[in-house]
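Trainee: I would like the atomic coordinates for the input below:
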Amino acid sequence: MAARKAVLHAQICPGTDIVLALGMIHVIIKDQLYDSEFIDKYCIGFNRLKIHVKDYTLEKVSGITRIPPDQIENIARSYALAERAVIQWGNAVEHVINSFGTARAISILRAITGKLD
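Mentor: Down below sits the predicted model:
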């Protein structure tokens, strides 16, 4: 099982991946862990994104995803601060009702941290 080999593992409530991604974006923006240079060069709408994720606090995201707030923060910080990182998704994300929004939130998470290649 992949979870046994993972450095970090969070057992998420099914269908709440989008909320976790938005919560991670919230932490990354709040703690200024984003890649400013990459955002300035390649991204648009960052100020609107800041406003959009403002309400995705650790407590709110925890209540929806059932992942403890400190674990969400640890995941977000670990991802943002990693030299290299990958978020791989597949059927688990693509077969839920919010699949487009989830994929978009994950793509935004990758973009604001500059982890696209």
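
Trainee: pLDDT weak spots in this protein?
Mentor: 1 (pLDDT under 70).

Trainee: residue nearest the middle of it, spatially speaking?
Mentor: For the chain, the residue nearest the mean C-alpha position is A21 (2.9 Å; Cα atoms, centre = their mean).

Trainee: ok, the spatially closest residue to that one that is not a sequence neighbour - contacts?
Mentor: Spatial nearest neighbour of A21, excluding adjacent residues (Cβ to Cβ, 6 or more residues apart in numbering): A105 at 3.7 Å. For every residue, glycine as well, the C-beta is placed using N, CA and C. Shown in contact with A105 (Cβ atoms under 8 Å, 6 or more residues apart in numbering): 18, 21-22, 25.

Trainee: so which strand or helix has I39?
Mentor: For I39, the host element (DSSP states H and E) is helix 36-42.

Trainee: oops, could you answer that again for I28 instead?
Mentor: I28 is part of helix 17-30 when elements are defined by DSSP H and E.

Trainee: do the same with I87
Mentor: Per DSSP H and E, there is no helix or strand for I87.

Trainee: following the strand or helix carrying K50, which helix or strand comes up?
Mentor: Per DSSP H and E: K50 is located in helix 46-53. Proceeding N to C from helix 46-53, the next assigned helix or strand is helix 58-65, under DSSP H and E.

Trainee: okay, angle between that following helix and helix 46-53 too, please.
Mentor: Using axes from the mean of the first three to the mean of the last three Cα atoms, to 10 degrees, one finds that helix 58-65 and helix 46-53 are set 70 degrees apart in direction.
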